[in-house]
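Q: predicted structure and sequence below. I'll ask about it afterward.
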Amino acid sequence: MKRHALLSALLLACSAAPTPAANVTGTWRVTISAGEGTIAGMASFKQTGEQVTGWVGPNADNPIPIA
């Protein structure tokens, strides 16, 4: 019975552990919705804490900055 209680406590502690926040840093393929359809594009993000900066656009040569 002690083993069962110990195993249950260990599983409960593991399931209650906080999970790290998502980080979107990197280069991504995106789909941009336009009034007449969609455009395949790219995005590049850098995340510091909760702040995300970078760009999005049809390609790296035509970026639209985000802050």
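A: Here it is on my side, so go on. Residues are numbered from 1 along each chain as shown.

Q: contacting residues for the closest residue to P63 other than its chain neighbours?
A: Nearest residue to P63 in three dimensions, chain neighbours excluded: W55, at 3.6 Å (CB to CB, 6 or more residues apart in numbering). C-beta coordinates here come from the backbone N, C-alpha and C atoms, glycine included. Listed by CB atoms under 8 Å, 6 or more residues apart in numbering, the contact set of W55 reads 43-44, 63-66.

Q: rerun that using 6 Å as the cut-off
A: By CB atoms under 6 Å, 6 or more residues apart in numbering, the contact set of W55 is 44, 63, 65.

Q: quick one: buried residues of the host helix or strand of the last one?
A: This means P65. According to DSSP states H and E, P65 maps onto strand 64-66. Of all the residues in strand 64-66, not one is buried under the rule 16 or more other CB atoms under 10 Å.

Q: ok, longest strand in this protein?
A: strand 37-48 (DSSP state E).

Q: would a markdown table of the contacts of W55 with distance to W28 be doable?
A: Formatted as a markdown table, the contacts of W55 follow (distance: CB to CB, whole Å):
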| residue | distance to W28 |
| --- | --- |
| S44 | 7 |
| P63 | 13 |
| P65 | 15 |
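
Q: and the strand holding P65, how far from the chain's centre?
A: Taking CA atoms, centre = their mean, to the nearest Å, the mean C-alpha location of strand 64-66 is offset from the chain mean by 18 Å.

Q: please enumerate the strands of the protein.
A: 26-34, 37-48, 51-57, 64-66.
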